[in-house]
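Trainee: 3D model of this:
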Amino acid sequence: MSAKDMFYPESKEFSSAEERAFAREELVYNVTEDVLVALEDLDVTKKELARRLGKSRSFVTQVLSGARNMTLGTLSDICFSIGAKPKITFTIESSEQGRDFHWENENTYTDLKRDDFIQQYENIIDCRDHPAWENQAA
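Mentor: Okay, the predicted model is just below:
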């Protein structure tokens, strides 16, 4: 459920700029939440993450709270430091055919049916199939 759904009735019409702002905040929230969950599951503190990144703890806190813009480079550095590999999914909502595209590797896209996609991929970032995850699960 998004903040938009929680605070506004379904019938509320939003401008394009408002929709864009909601989409941005939802993405920031989802990515930072997924990173925080992964850190918790791996018993990595913000202090330890900062040490691994060579950054200050305040930098890590700002990035993970959404107060500082997390670049793709920073996301990649965070994932690398905890042994995770991010998976990015693009859902084309305006498509008449309801197709989703999943980025598998460099310049390779697989056309998936929406139901198959939802069943296979739960999170924007899913590090459970990474070898480092197996070491933590034991």
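Trainee: residues of the host helix or strand of residue 40 that come out buried?
Mentor: Secondary structure assigned from DSSP states H and E places residue 40 in helix 16-41. Neighbour-count burial for helix 16-41 flags 22, 31, 32, 34, 35, 38, 39 (criterion: 16 or more other Cβ atoms under 10 Å). Every C-beta, even on glycine, is put in place using the N, C-alpha and C of the backbone.
Trainee: next helix or strand past it?
Mentor: Downstream of helix 16-41, the next assigned helix or strand under DSSP H and E is helix 46-53.
Trainee: how big is the angle separating that following helix from helix 16-41?
Mentor: Per axes from the mean of the first three to the mean of the last three Cα atoms, to 10 degrees, the angle that helix 46-53 makes with helix 16-41 is 90 degrees.
Trainee: mind starting the numbering at 350 from now?
Mentor: Yep, numbering from 350; the last one is helix 395-402 now.
Trainee: and helix 395-402, which residues are buried?
Mentor: 395, 397, 398, 399, 402.
Trainee: just put the residues you listed in a markdown table and tack on distance to residue 361.
Mentor: Listed next are the buried residues of helix 395-402 as a markdown table, based on distance: Cβ to Cβ, whole Å:
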| residue | distance to residue 361 |
| --- | --- |
| 395 | 36 |
| 397 | 43 |
| 398 | 38 |
| 399 | 40 |
| 402 | 40 |
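Trainee: out of those residues, who's nearest residue 433?
Mentor: residue 398 (11.6 Å; Cβ to Cβ).
Trainee: test my guess that that closest one contacts residue 428.
Mentor: No. In this structure, residue 398 is not within contact of residue 428 by Cβ atoms under 8 Å, at 10.9 Å.
Trainee: gap between residue 433 and residue 409?
Mentor: 15 Å (Cβ to Cβ, to the nearest Å).
Trainee: which residues of this protein fall in strands?
Mentor: Assigned by DSSP state E, the chain shows strands spanning 438-440, 448-454, 457-462.
Trainee: among those strands, where is the model least confident on average?
Mentor: With a mean of 48, strand 457-462 has the lowest mean pLDDT of these.
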